Each structure stands twice: as structure tokens, then as C-alpha cells.
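Participant: only geometry, no sequence info:
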């Protein structure tokens, strides 16, 4: 490869890292947290009950329950209880237009129950999926950042001609610049398959809302109706005559006969009460890479109208159906998610180490405002997340009972971190890491002091409940952060060459 | 348990244990006394100049041209691939971001990037005409 091309590749790699590095870091780090959104929802709500199955009789009563907000609704969906959401959710809304009305039910009796909203978890989720921006612009921006990550990966791979040799080079006892460079290459090369998959699937998920519409429109020769039917199937129309609905038990049995092993997660009724009523049963097949396979049945006769099993239809559809589970690691268990989270933290480290290399080349003194910004964003994000989690327990007043209140608190904590980074330029990273760790370690105490749940009683009565597991895991992570920060501080005190 | 699950777990485990092993070896072989810094970081290379050597106009031009070319390539795939329309649309949706990233790197690293951008732009515009004219005229 020519020297000019190599130099240009290096420039492109540096350019992407310097100008978009911090945004990429936010996306990658928050992605590692967002992997556990499903587990953190019941934690925020203080759920101490252990996972239990949904009784079909309870589902039947939920189907027949008169919806308070919209009694005439004929389109509604039901989500059975799951391990981390031990209640049935019924959602009314005409194909998700407008704000859906949510009602919750006990999974055993089918009686209505009251469940609060989980706003802190929603903020953390939106941070990754939309960068806290309004939809759909935030989603598109994350897609564009995915392209930037792809560009960085492509340029990084091509400019490192000794990639196999660099896989084994770790010189952490030489100069700081060499140490950071070696660590950057090591994590990048070993984690390359993961980084490529995340960048590719993330880009796809960010931009699919726009690009799929455009491509389908062109592929179907400009016929928008045919495009919609070709991608998502033809919806059944209402007949206009009332008819009896088949029991849900029978319909579920038919769905599971059509797709053996299907674990229902979504039951969507259309035209309920009409002769043309349909039930769409979506769920997941354990250990398979396919996003929400399912069956659409006639709710009157039980006849199978559509089988949604893209894995078996064509290789392009199989590839398409893989994207979401591949990105979120939702096709495996907690082990896979933990693996994803560690590799995701490795990807975040790439951005941090890349910026650190640049900092050591250009501003070795550490007094620049841009370095304070770098520290404030990189160390401030975990700090803001830890403070938000603690505040979920301690601050439960009316000001924090909305998404906006929690969002403002999160942003305020992050701004505080930026202020600390400007104030303590020499050791801002250390101070913020220690604060993050301490906040997480003290989380059980905050839970005990707050009025939402009691961690002590949860540990006594239900040690495998979501509350106990998530709380103990967060406290352990906090302890590890404190110990690492403390050790780095001590080692820095002994080694004057290290920074 | 299907291979869908096992393969990513194994690959992921290798991706994690590789660097962890190397770091452990490096830690094990650490010198008894830390060596002094041999090269002063600020004397090493003009990193600032390297980082900013891509002009803003070059980045903007390559970014927009590669985006346009990727979009046109995606639409072309959606229209002309010998697959069913739904499959073509899905494949185009999957391929377009990859094409954009590869195209951006390609254009940014050309020595004569203005000429490369111009040629790409003309070719993409011609292809777009071929794609859209039949749609408009029916």
C-alpha cells in the first residue's frame, strides 16, 4: 500500500475519533448499560416477587376486560407476564397511533393492579437508542454514528498492516503513549468481530425506519400499498358483522402447533368481536437468532392466515431478522448479555484510549479545556448513571415522577461531572470514578432509606428476585470501580512517569 | 442448544480471553523498577497537524458524495437485483450503510479526491436517472 494512502487512512481514523469520539463513547457505553434494561425495569419498580408463569385463564379475563380508557377499542395487544415483568400488560391504541393506554393485571388472577412507570430506566434506554433527542431524529443520529464507527473500523483495519503481529504486542511498562497505543490495538483487533457486528447492526437499526421505506417503494415499482404488504403482510379487514371469538387457550395452542417451541410475548387482536377478527401471536424461539417470529390466526375460526418465520423464508429475510437479536444479545441468556456488556465496554475503551493517545501526543500537560471536556464526558457518564440510579431510590417526590424530571436530574449530574472535570483537571477521572463507585456501593443503603422497596426483606424472602439480583450486582460493580480507582491512584503516586 | 447461540458465545469468549491472557502475561513480566520515559510525548509527532490535515471542505464533499452514491447504489439494488422485491429491498437496506462507510473511506483516501468525488457524483446521478425515470413515467 502506498505511503500516501496509509497517511490518508490514518488521517481519516484520527478525524473520526477526534470529532465524533465522544458521541461514539456515549453511544457505546450506554449500549452496555442498555443491554440490561429488561432486568433494570423491575429493579426500579422494586419488584421483589420471583418470576412466575402467566395463567391462561388470567389472559382470557384480560382479553374480556372492559378497557377503562377506550371501552370500544377493537384493536389491542396483551403482553403476558415474564420473568422480569411479573404482570400482564394490556395496551390499547390503533396500531400505535397516539398515546397507548396501558392497564396492568395480576398474572394469576387477572385482576387489575397498579404499576408505576420506570422513568430512570427509560432515560438510560433513550440515551442509547436516541441520544436523548426527539424521535425519530435521535434514532437517525445513532444510525449515522454507526456509519462513523464503520468508517473508523474500515480505516483502522486497512492502516494496520501488521495486524497479526500487533495482536500479541502489549508493552504496558514502557512510555504512557506506547502503553495506550498497544492497549488500543489489542482491544481493537481482538474485539474486531464484535465491533463490526455492533457497528453494522446499530447502523441498520438506526436508519432502517427511513431506508427500508425508500428501498421498498423503489423495489415495488412505486406502489406504496404493495410495498407495505410485501414487507409486513396484508392486514385483514373487518367484515362488519359480530361473531364469537375462539377462546385464547385454543388460539395459543394452534399458534404453538404452527410454530413449535414458540414462547408468546405479544398477542395482538385486530377487529375484536368482528367476523374478520385476527390474533397475531409473536414471541421468541429459544436459542435462535430471529426477531419475534409468530403466527396470525383468525380469532373466529382459528385458521392460520400468516406464518411469520423469516428464518425459513429466504436468506435475506433471515439476515434481516437477525439484526435486532444480534445487536441486543437477546437470543441468549444472561451469560451472553454479560459477554456483550464486557465487549461493549472494550469498544468504549477504544474511544477513550484513542483520545488519550491523541492527548499524549498533542497536550501532554493535561491543562487543556478539551481534556477537561474529555474527562467530564467519559468519566461523567458513569457518574451520572450512578447518581440517577441512587436518585431513583432517594428522590421520589412529584418533581421526579415524570420522564422529564428524571432526564433533567441525569443531565444535571452530568453537568456537575463536567464542572468537577474543569475544577480538578489533574485527577478528575479518579475523583469521578471514586464517586461513581461509592454511589453504586451505597445503592442498597439508598434503597433501604427510600420508600419503594426494602433490600433486606428482599434478600430474606426472595433472594433471586430482580430487585435483589440487580442491586447486588450494581453494588459489586461499584466496589470493583472503587478498588480499581484506589489502586490506580496509589500506583500513580508511586510512578512519576505515569499519567 | 443451537449453533446460533454457541458460536457467538465461543467467539466472544475468545475475544475476551485473548487480550486478558496477554495482559496477564504483560503484568507477570513487569519490570521490577519502572523504566524512565524514553521519549517525551510532545516531541514525538505533530499529532495536531495530522488530525486536522483533512480539510473541512474535503470531509464535507466526500461525506455528501459517498452518501449520495450509497443511496443510489441501495436503490439500484432494490430495483435490479434478481430477487423478489421484498428480498431486494431488505438486502439494499442492509448493504447501503456498508457501502456508504466503504465509499467514504475510499474517497477520503484518494490523492485526487476532487476528481474521484466528481466522477462518483456523475455516475451516481446517471444511475439515479435510470432508476427513477421508469417510476415517474410509470
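Facilitator: Structure's in. What do you need? Since the model is a prediction, treat every value here as computed from it, not as a measurement.
Participant: contact partners of stretch A:452-472?
Facilitator: A:36, A:39-40, A:42-43, A:45-50, A:83-84, A:392-393, A:396, A:443-444, A:447-448 (CB atoms under 8 Å, 6 or more residues apart in numbering or on different chains). Any C-beta I mention is one placed from the backbone N, CA and C, and that applies to glycine too.
Participant: could you tell me which of the residues you listed count as buried?
Facilitator: The neighbour count (16 or more other CB atoms under 10 Å in any protein chain shown) marks A:36, A:39-40, A:42-43, A:45-49, A:84, A:392-393, A:443-444, A:447 as buried among these.
Participant: determine which two of those residues are furthest apart.
Facilitator: Pairwise distances across the buried ones among the contacts of stretch A:452-472 peak at 20.3 Å for A:49 and A:443 (criterion: CB to CB).
Participant: thought residue A:195 was touching residue A:344?
Facilitator: No: judged on CB atoms under 8 Å, residue A:195 makes no contact with residue A:344 at a distance of 9.5 Å.
Participant: which residues does the residue of the stretch 51-200 of chain A found nearest chain B contact?
Facilitator: In the stretch 51-200 of chain A, the residue that lies nearest chain B is residue A:150 (3.5 Å; CB to the nearest CB). Neighbour list for residue A:150: A:196, A:199-200, A:203, B:97-98, B:100-101 [criterion: CB under 8 Å, 6+ apart].
Participant: if we use 10 Å, what do you get?
Facilitator: A:16, A:195-196, A:199-200, A:202-203, B:97-98, B:100-102, B:104-105 (CB atoms under 10 Å, 6 or more residues apart in numbering or on different chains).
Participant: now, of these, which are buried?
Facilitator: Applying 16+ other CB under 10 Å to the contacts of residue A:150 flags A:16, A:195-196, A:199-200, A:202-203, B:97-98, B:100-101, B:104-105 as buried.
Participant: show me where pLDDT drops low in chain A?
Facilitator: Along chain A, the parts satisfying pLDDT under 70 run over A:1, A:50-53, A:66-72, A:93-100, A:363-367, A:493-499.
Participant: residue A:222 belongs to a strand, doesn't it?
Facilitator: No: counting by DSSP: H, G, I helix; E, B strand; the rest coil, residue A:222 is not found in a strand; it is coil.
Participant: can you give me the neighbour number for it?
Facilitator: 14 (other CB atoms under 10 Å in any protein chain shown).
Participant: for chain A, which segments count as strands?
Facilitator: A:76-79, A:88-92, A:101-105, A:112-113, A:263-270, A:278-284, A:294-298, A:304-308 (DSSP state E).
Participant: return the list of helices and strands in contact with the second one.
Facilitator: Just to be clear, that refers to strand A:88-92. Contacting strand A:88-92 under the criterion 3 or more CB pairs under 10 Å, 6 or more residues apart in numbering or on different chains; DSSP states H and E are the following elements: helix A:56-64, strand A:76-79, strand A:101-105, strand A:112-113, strand A:263-270.
Participant: let me know the angle separating the first one from strand A:263-270.
Facilitator: Pointing back at helix A:56-64 there. 20 degrees (axes from the mean of the first three to the mean of the last three CA atoms, to 10 degrees).
Participant: pLDDT score for residue B:5?
Facilitator: At residue B:5, the model reports a pLDDT of 60.
Participant: repeat that for the one 4 residues further on.
Facilitator: In this model, residue B:9 is scored at 66, pLDDT.
Participant: ok, residue A:428 - contacts?
Facilitator: So residue A:428 contacts A:366, A:371-372, A:374-376, A:378-380, A:417-422 (CB under 10 Å, 6+ apart).
Participant: do that again at 7 Å, thanks
Facilitator: Residues in contact with residue A:428 (CB atoms under 7 Å, 6 or more residues apart in numbering or on different chains) are A:372, A:375, A:379, A:420-421.
Participant: how far does stretch A:253-273 stretch from one end to the other?
Facilitator: 20 Å (CA to CA, to the nearest Å).
Participant: give the buried residues for that stretch.
Facilitator: For stretch A:253-273, using 16+ other CB under 10 Å, the buried residues are A:254-256, A:258-259, A:262, A:264, A:266-273.
Participant: next one: stretch A:464-479
Facilitator: Neighbour count says stretch A:464-479 has A:465-475, A:477-478 buried, by 16+ other CB under 10 Å.
Participant: reformat the helices and strands packed on strand A:88-92 as JSON lines; add distance to residue A:305.
Facilitator: Formatted as JSON lines, those follow (distance: least, CB to CB, whole Å):
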{"stretch": "helix A:56-64", "distance to residue A:305": "19"}
{"stretch": "strand A:76-79", "distance to residue A:305": "17"}
{"stretch": "strand A:101-105", "distance to residue A:305": "27"}
{"stretch": "strand A:112-113", "distance to residue A:305": "31"}
{"stretch": "strand A:263-270", "distance to residue A:305": "11"}
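Participant: quickly compare these and say which is most buried.
Facilitator: Per-stretch averages of neighbours, counted by mean count of other CB atoms under 10 Å in any protein chain shown, single out strand A:76-79 among these, with a mean of 21.
Participant: so what strands line up beside that one?
Facilitator: Sheet pairing here is set by DSSP bridges, and for strand A:76-79 it gives strand A:88-92 (antiparallel), strand A:263-270 (antiparallel).
Participant: tell me which helix or strand comes right after the worst-scoring helix or strand of chain B on mean pLDDT.
Facilitator: Taking mean pLDDT, DSSP states H and E as the measure, chain B has helix B:47-51 as its least confident helix or strand, at a mean of 47. Using DSSP states H and E, the next helix or strand after helix B:47-51 towards the C-terminus is helix B:56-80.
Participant: outside of that next one, which residues touch it?
Facilitator: Against helix B:56-80 from outside (CB under 7 Å, 6+ apart): A:15, A:211, A:215, A:218-219, B:88-89, B:91-92, B:95-96, B:99-100, B:103-104, B:107-108, B:113, B:117, B:120-121, B:124, B:127-128, B:131.
Participant: and if we set it to 8 Å?
Facilitator: A:15, A:211, A:214-216, A:218-219, B:85, B:88-89, B:91-93, B:95-97, B:99-100, B:103-104, B:106-108, B:113-114, B:117, B:120-121, B:123-125, B:127-128, B:131.
Participant: okay, buried residues for stretch B:77-92 please.
Facilitator: For stretch B:77-92, using 16+ other CB under 10 Å, the buried residues are B:77-79, B:81, B:83, B:85-92.
Participant: what residues go with each domain of chain B?
Facilitator: Listed by automatic domain parsing, the domain ranges of chain B are B:1-33, B:53-138.
Participant: among these, which is the most enclosed?
Facilitator: domain B:53-138 comes out most buried of the domains of chain B by mean count of other CB under 10 Å, with a mean of 18.
Participant: confidence score at residue B:102?
Facilitator: At residue B:102, pLDDT is 92.
Participant: and the nearest residue to it once chain neighbours are set aside, how close does it get to residue A:191?
Facilitator: Counting by CB to CB, 6 or more residues apart in numbering or on different chains, residue B:102 lies nearest to residue A:154, which is 6.1 Å off, once chain neighbours are set aside. From residue A:154 across to residue A:191, the span is 15 Å (CB to CB, to the nearest Å).
Participant: try residue A:292
Facilitator: Counting by CB to CB, the gap from residue A:292 to residue A:191 is 28 Å.
Participant: neighbour count winner among those two?
Facilitator: Ranked by neighbour count (other CB under 10 Å), residue A:292 and residue A:191 place residue A:191 first, with 23 against 16.
Participant: what residues does the stretch 51-200 of chain A have near chain B?
Facilitator: A:143, A:146-147, A:150-151, A:153-155, A:158, A:167-168, A:170-177, A:186-187, A:190-191, A:193-194, A:200 (CB under 8 Å from any CB of the partner chain).
Participant: among those residues, which ones are in helices?
Facilitator: A:143, A:146-147, A:150-151, A:153-155, A:158, A:176-177, A:186-187, A:190, A:193-194, A:200 (DSSP state H).
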